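K.L.:
Fold the following, please.
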Amino acid sequence: MTPTTRRVLQALLYEAIAIAVVGPVLSVAFDKSPASTLGLAVVLSSIALTWNYAFNWFFERWESRQSVRGRSFVRRLAHGAGFEGGLVIILLPVMSLWLDISLTAALVANLGLLAFFFFYAIAFTWCFDRVFGLPASAQAGDGDRV
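P.N.:
Model (predicted):
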């Protein structure tokens, strides 16, 4: 499988499973119709994908102007905090309006989603790699230790 095909398949499967899980959970948590929360899950997923692309574009532009190259632990923390923080800010009003809840309730829901996605991303990636194999960038070479 080509790297591009692998990335597209991974993103599509990741989002499809997330939508299938998040939609019903939001329905139960906020006593809303499953159709409504499934629609919300699709919107949230679309926003997250768009934000991911935009944020990484901006971050890499900023990063390219830095005198120190590479991705230190601190830079990785800044990247993660910037991405997740921006996503929470973007999603708060969407969730609040869609579910007809307060911004505080939307923040609590967002924190729950962040916790879910932290563990889901780890589990999904592990399962995806088991089914489809590791990408070339993660495969051990002849002289590499595993």
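
K.L.:
going forward, measure contacts and count neighbours with C-alpha atoms only.
P.N.:
Fine.

K.L.:
Please state the offset of the helix or strand containing residue 40 from the chain centre?
P.N.:
For residue 40, the host element (DSSP states H and E) is helix 34-64. Between the centre of helix 34-64 and the centre of its chain there are 8 Å (C-alpha atoms, centre = their mean, to the nearest Å).

K.L.:
quick one, helices of this structure?
P.N.:
Using DSSP state H, the helices of the chain run over 3-30, 34-64, 73-99, 103-132.

K.L.:
Flag every buried residue along the third one.
P.N.:
Same thing as helix 73-99. 79, 83, 84, 87, 88, 91, 92, 93, 94, 95, 96, 99 (16 or more other C-alpha atoms under 10 Å).

K.L.:
And for the longest one?
P.N.:
Neighbour counts over helix 34-64 (16+ other C-alpha under 10 Å) mark 37-38, 40-45, 47-48, 51, 55, 63 as buried.

K.L.:
Low-confidence ranges, this structure, go.
P.N.:
Residues of the chain meeting the criterion pLDDT under 70: 140-146.

K.L.:
that older thread, is it possible to get TSV of the helices of the chain that adds distance to residue 138?
P.N.:
Below are the helices of the chain laid out as TSV (distance: least, C-alpha to C-alpha, whole Å):
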stretch	distance to residue 138
helix 3-30	12
helix 34-64	21
helix 73-99	19
helix 103-132	10
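
K.L.:
Sounds good, over and out.
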